[in-house]
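Visitor: Generate coordinates for the sequence data below:
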Amino acid sequence: MDFQTIQVMPWEYVLSSQALSGYQENHVRWSQSPESHTFSVDLPGFRKEEIKVEIEDSIYLIIRTEATRLSPPDQPVKSFKRKFRLPESIDMIGISAGYEDGVLTVIVPKRITTRRFIEPSDVPESLQLLARAA
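Guide: Numbering: from 1, shown residues only. As a prediction, this is how the structure comes out:
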């Protein structure tokens, strides 16, 4: 008997609807670059007006669908909801989303932090620190 080996990345299985509901069409992919986090969600069959992207308590990104029209009685209403905890160092104002060809893409930019490195040669030999008592 021949078995076919399929390699599935653990996070893709966990983030897919197949793991929870048996559907194979709502995969969520996450990637990050030095500038941003990107969430891509396959949402075929939904209209742009039915997709909601929300931020809850400045901590969570929620992607969900909300039916705006009645489905025929013989077809079940499809729904989708995922909640992701956001890292602390993101730019809340710069979050953007787009929906094209059944794929929702949410871009969460990282907050730019500048680091200043002090060269040892720039530090005087003796430092005097002053602090006030509270």
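Visitor: So S31 is in contact with T38, correct?
Guide: Yes. Counting by C-beta atoms under 8 Å, a contact exists between S31 and T38, whose distance comes to 5.0 Å. All C-beta atoms are positioned from the backbone trio N, CA, C, and that covers glycine.
Visitor: So the two - more neighbours on which side?
Guide: With neighbours defined as other C-beta atoms under 10 Å, S31 and T38 compare such that T38 has more, 15 against 9.
Visitor: what about that one, distance to Q32?
Guide: For T38, the distance to Q32 equals 7 Å [C-beta to C-beta, to the nearest Å].
Visitor: got it, and R85?
Guide: Using C-beta to C-beta, one obtains 14 Å as the distance from R85 to Q32.
Visitor: what are the phi and psi angles of the closest residue to I112 other than its chain neighbours?
Guide: The spatially closest residue to I112, leaving aside those adjacent along the chain, is D91, at 7.8 Å (C-beta to C-beta, 6 or more residues apart in numbering). Here is the backbone geometry of D91 (degrees, to the nearest 10): phi -100, psi 100.
Visitor: repeat for L86
Guide: phi -90, psi 150.
Visitor: ditto for I93
Guide: Here is the backbone geometry of I93 (degrees, to the nearest 10): phi -70, psi -30.
Visitor: Counting neighbours, what do you get for it?
Guide: Using other C-beta under 10 Å, I93 has 6 other residues around it.
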